[in-house]
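> Need a 3D model of the sequence below.
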Amino acid sequence: MEKFVLILLPALISTSGAKKSVYAQVGEDVVLKPPVIDSSNRYVYWTFQKEDGLELAWSNHLGGKKVAEVEPWKDKLTMSGDSLFIKKVQPENFGTFFCKIQSEIHSIELIKLDVSVSPAHPLLPGESLSLSCTVDSPKKPAIHWLNPRREKKGQGTVAVRVTSQDNGMWTCVVAEEKQVEMPVKVTGLSPTPVLPHYTSTSSRFAVPCSIPPPFTWEQIKTKGVQEVHWQFFPATSSGLNSAQRLFSLSLDSLSWKEDQPRDLRPASDPKTGNLELTRKLGRVDDRGDYVCTMKFKNGLTLNRTVHVEVLQIASSPGPHLLTGQQLNLTCSVGQPLPSDLQLQWNRPKRSAQPGQNSDQHTARLTIPEVSTDDGGLWVCGLWQGEKQLTSAVITLTIDPKVSVWTLVMACSAAAVVILLLLILALVLHRRRRRKMRHLRHQLCRCKKYVLTISWTDEMAPNAHLHSLTLIRVGN
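A predicted model of the protein is given here:
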C-alpha cells in the first residue's frame with residue numbers, strides 16, 4: 001500500500017492546475033497562455049495531446065527557445081514568454097495542449113467553434129434568418145446571441161424574422177469568454193427619422209426615400225420587386241380615403257408616371273437608389289404623411305413614411321406697411337412643437353425695436369409702431385439645440401407716412417408746375433400765330449404783270465381787232 005501511494009503522488013503533483021478551454025474558429029490566430037508562475041529559474045515545455053506527447057516548443061530563463069518544424073505545425077508556432085502562438089489554426093490543430101513549468105503541468109483544450117449565418121446574402125425585412133454557434137466538444141458551454149442592439153437572443157441556434165433593426169453585427173458569446181461577430185445585412189428603404197421632416201415655404205422641398213448603401217437597385221430586383229409608388233395623406237384629412245397616389249414607377253423603363261399633380265418631381269434615375277420627391281419651394285398644403293412603398297412577389301411590402309411639417313411666416317396687416325403702423329409677425333408649423341425645439345427671429349440689422357414675443361411655439365412677434373429701419377429681410381429659424389432644422393423668410397417694405405402738410409406742399413408744387421406749363425403753352429401759341437401772320441404777309445408781296453391778247457372777230461360784219469394786255473408792275 002505504501003508503494004502504491006508513492007507512485008500515485010508524483011502523478012497528482014504533475015497534473016496540478018485546472019483544465020482551461022479555449023474556443024477558436026478555423027483560420028483564426030490563437031494564443032495559449034499558462035498561469036503566471038513567479039519563478040526566476042524555470043523551463044517551459046509545450047506538448048500536444050499527451051503530457052509526454054509531441055514536443056511543440058520549449059524555452060528557458062537563459063533566453064533559449066525552440067519550436068517544432070514538423071507537420072502539421074511547421075511555420076505555425078511561435079513563443080512569447082511562456083505563451084504559445086498558433087497562426088491560422090486548422091482542424092488538425094485542435095486538441096489538448098500541455099504546458100509544463102517547473103514541476104507543474106497545466107492543460108489547455110483548444111476547441112473548434114463553428115459560427116454561421118444563413119442566408120449570407122442581404123435580406124428583406126420579414127424574411128427568415130438562421131444563426132448557428134456550436135462547439136465540437138462533449139462538454140457544452142453556455143452559448144447565446146446578441147443582436148445589433150445588444151439584446152440577448154436564444155442559445156446556440158437562433159431563427160428570426162428580421163426587421164430593419166436587425167441589420168448590423170450579431171455576436172455569438174461562448175462561456176462569457178469568447179465572442180464572435182457575424183454581419184447580417186437587412187436591406188430595404190432608408191430608415192424613418194425619429195423627428196418629422198421639417199421644411200419651410202422659403203426652402204427647397206424634398207421628401208427623402210432611398211435604398212441605403214451598400215445595397216443597389218440590382219440587388220432589390222433579385223428579390224422580385226413588383227411595384228413601387230408614392231402616396232400622400234394630407235394633414236387636413238383623415239382616413240384611408242384621403243390618400244392621394246402621387247407617382248408609380250414603371251419597372252420596365254424605370255420611369256415615373258404622375259398620378260396626382262402636385263408640382264412635385266421624382267428622382268430622375270431610380271437605379272442610383274434615390275427615390276425622393278422634390279420641389280423648388282415648400283407649400284403650406286404640403287403638410288402631411290408621404291409614404292414610399294415597395295411591394296414584392298413573395299408578399300413582402302416595404303414602407304417608408306415621412307411626416308412633413310412646413311414652417312410659415314404670416315404678416316399682419318401684410319408685407320407692405322407705413323411707418324407708425326402696428327406689425328404682427330407669426331411663425332409656426334401649424335401645431336405645438338416638441339419641448340426640445342425652439343423658434344428664433346433674426347431681424348434686419350437696422351431694426352432696433354425689441355418687439356414682444358408671446359409664444360416660443362408660434363413665435364408671435366408684435367411691434368407697436370414700425371419705422372423704415374424695420375424694413376428688410378426677417379428670418380424665423382427652427383432650432384434643435386445648436387442645430388437649425390429649417391428657416392422661413394419674409395421681406396417687409398416700410399414706406400414713410402404722408403402728412404397733410406406734405407399733401408399741401410405736393411399739391412402746391414403740382415399747381416405751380418401746371419401754371420408754368422400753361423404759360424409756356426400760351427407763349428408758344430402766340431409765337432406760332434406771329435410766325436403765321438408774317439408768312440401770310442410774305443405770300444401777298446408778288447410781282448404784277450399786264451397781259452395783252454389781241455384777236456379778230458371774223459364773224460363780225462366789220463372785222464374788229466380786240467386786245468388784252470398783261471402789264472408787269474413792280475420790280
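> Who are the contact partners of the most centrally placed residue in the chain?
For the chain, P208 is the residue whose C-alpha lies nearest the centre (Cα atoms, centre = their mean; 7.0 Å). By Cβ atoms under 8 Å, 6 or more residues apart in numbering, the residues touching P208 are 190, 197, 276, 306. Bear in mind the C-beta positions are built from the backbone N, C-alpha and C, glycine included.
> do you know how far the third one is from V194?
With the distance defined as Cβ to Cβ, to the nearest Å, E276 ends up 19 Å from V194.
> Looking at those two, which one has more neighbours?
E276 (18 against 5; other Cβ atoms under 10 Å).
> contacts for stretch 177-188?
Contacts for stretch 177-188 (Cβ under 8 Å, 6+ apart): 22-25, 113, 115-117, 121-125, 129, 131, 133, 148, 162-164, 166-174, 211-212, 215, 219-220, 223, 302.
> Pull up the distance across that stretch, start to finish.
34 Å (Cα to Cα, to the nearest Å).
> do the same with stretch 151-161
15 Å.
> how about low-confidence regions in the stretch 351-475 of the chain?
352-362, 402-408, 410, 437-475 (pLDDT under 70).
> can you pull out the helices in it?
Along the stretch 351-475 of the chain, counting by DSSP state H, counting those that start in this stretch, helices occupy 404-444.
> Toward the C-terminus, what is the element adjacent to the helix or strand that contains V22?
Here V22, judged by DSSP states H and E, is contained in strand 20-24. Later in the chain than strand 20-24, the nearest helix or strand by DSSP H and E is strand 30-32.
> Pull out the buried positions in that next one.
Across strand 30-32, burial judged by 16 or more other Cβ atoms under 10 Å covers 30, 32.
> and if you look at stretch 322-331?
For stretch 322-331, by 16+ other Cβ under 10 Å, it's 327, 329-331.
> partner residues bridging C172?
Taking DSSP bridges as the rule, C172 bridges to W145, V180.
> Identify the residues contacting K295.
Per Cβ under 8 Å, 6+ apart, neighbours of K295: 225-228, 301-302.
> do that again at 7 Å, thanks
226-227, 301 (Cβ atoms under 7 Å, 6 or more residues apart in numbering).
> do Q25 as well
So Q25 contacts 113, 115, 180 (Cβ under 7 Å, 6+ apart).
> Give me the below-cutoff pLDDT ranges for this protein.
In the chain (pLDDT under 70), the answer is 1-18, 38-39, 237-241, 352-362, 402-408, 410, 437-475.
> does L62 sit in a helix or strand, and which one?
Going by DSSP H and E, L62 is not in any helix or strand.
> Report how many residues lie close to it.
8.
> out of the contacts of stretch 177-188, which are buried?
Buried, going by 16+ other Cβ under 10 Å: 22-24, 113, 115, 117, 122-125, 129, 131, 133, 162, 164, 166-167, 170-174, 211, 215, 220, 223, 302, out of these.
> What about those, which are in strands?
Counted as lying in strands by DSSP state E, out of the buried ones among the contacts of stretch 177-188, are 22-24, 113, 115, 117, 129, 131, 133, 170-174, 302.
> which of the residues you listed lies closest to N41?
V22 (28.1 Å; Cβ to Cβ).
> for the closest residue in space to the closest one that isn't next to it in sequence, helix, strand, or coil?
Once flanking residues are discounted, V22 sits nearest to L110: 5.1 Å by Cβ to Cβ, 6 or more residues apart in numbering. Under DSSP: H, G, I helix; E, B strand; the rest coil, L110 falls in the strand class.
> Report the beta-bridge partners for L110.
With DSSP bridges as the rule, L110 is bridged to V22, G95.
> Touching, it and F98? I think so.
No - between L110 and F98 there is no contact under Cβ atoms under 7 Å: 11.8 Å.
> Now do the shared contacts for those two.
Counting by Cβ under 7 Å, 6+ apart, nothing touches both L110 and F98.
> circling back: tabulate the contacts of P208 (JSON lines), appending distance to G385 and secondary structure.
Shown next, in JSON lines, are those (distance: Cβ to Cβ, whole Å; DSSP: H, G, I helix; E, B strand; the rest coil):
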{"residue": "S190", "distance to G385": "24", "secondary structure": "coil"}
{"residue": "H197", "distance to G385": "18", "secondary structure": "strand"}
{"residue": "E276", "distance to G385": "26", "secondary structure": "coil"}
{"residue": "V306", "distance to G385": "22", "secondary structure": "strand"}
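> Can you tell me which of these are buried?
190, 197, 276, 306.
> Would you point out the most distant pair within those?
Farthest apart among the buried ones among the contacts of P208 - using Cβ to Cβ - are S190 and H197, which lie 11.8 Å from each other.
> shared neighbours, the two?
In contact with both S190 and H197: no residue, using Cβ under 7 Å, 6+ apart.
> what are the bridge partners for L396, then?
G376.
> Could you count how many residues lie near it?
20.
> I'd guessed it sits against L377; true?
No - using Cβ under 7 Å, L396 is not in contact with L377, being 8.2 Å away.
> neighbours around the spatially closest residue to N346 that is not a sequence neighbour, how many?
Once flanking residues are discounted, N346 sits nearest to V379: 4.1 Å by Cβ to Cβ, 6+ apart. Other residues lying near V379 total 16 when counted by other Cβ under 10 Å.
> Pull the contacting residues for the closest residue to K280 other than its chain neighbours.
Nearest residue to K280, sequence neighbours excluded (Cβ to Cβ, 6+ apart): R204, at 6.5 Å. Residues near R204 by Cβ under 7 Å, 6+ apart: 278, 280-281.
> now, which of these sits nearest N346?
For the contacts of R204, the nearest to N346 is L281 (19.4 Å; Cβ to Cβ).
> residue contacts, that closest one?
Contacts of L281 by Cβ under 7 Å, 6+ apart are 201-205.
> rerun at 6 Å
If you count contacts by Cβ atoms under 6 Å, 6 or more residues apart in numbering, L281 has none.
> can you tell me how far it sits from S371?
On the measure of Cβ to Cβ, L281 and S371 end up 30 Å apart.
> got it, and K297?
For K297, the distance to S371 - Cβ to Cβ - is 68 Å.
> Same drill for the two, tell me which one is more crowded.
Set K297 next to S371 and count neighbours by other Cβ under 10 Å: S371 wins out with 15 against 10.
> how about the helices in the stretch 201-350 of the chain?
217-221.
> Okay, domains of this protein per the record?
14-112, 119-184, 197-309, 317-399 (automatic domain parsing).
> Start and end of the last one, how far apart?
So that's domain 317-399. 14 Å.
> All set now, cheers.
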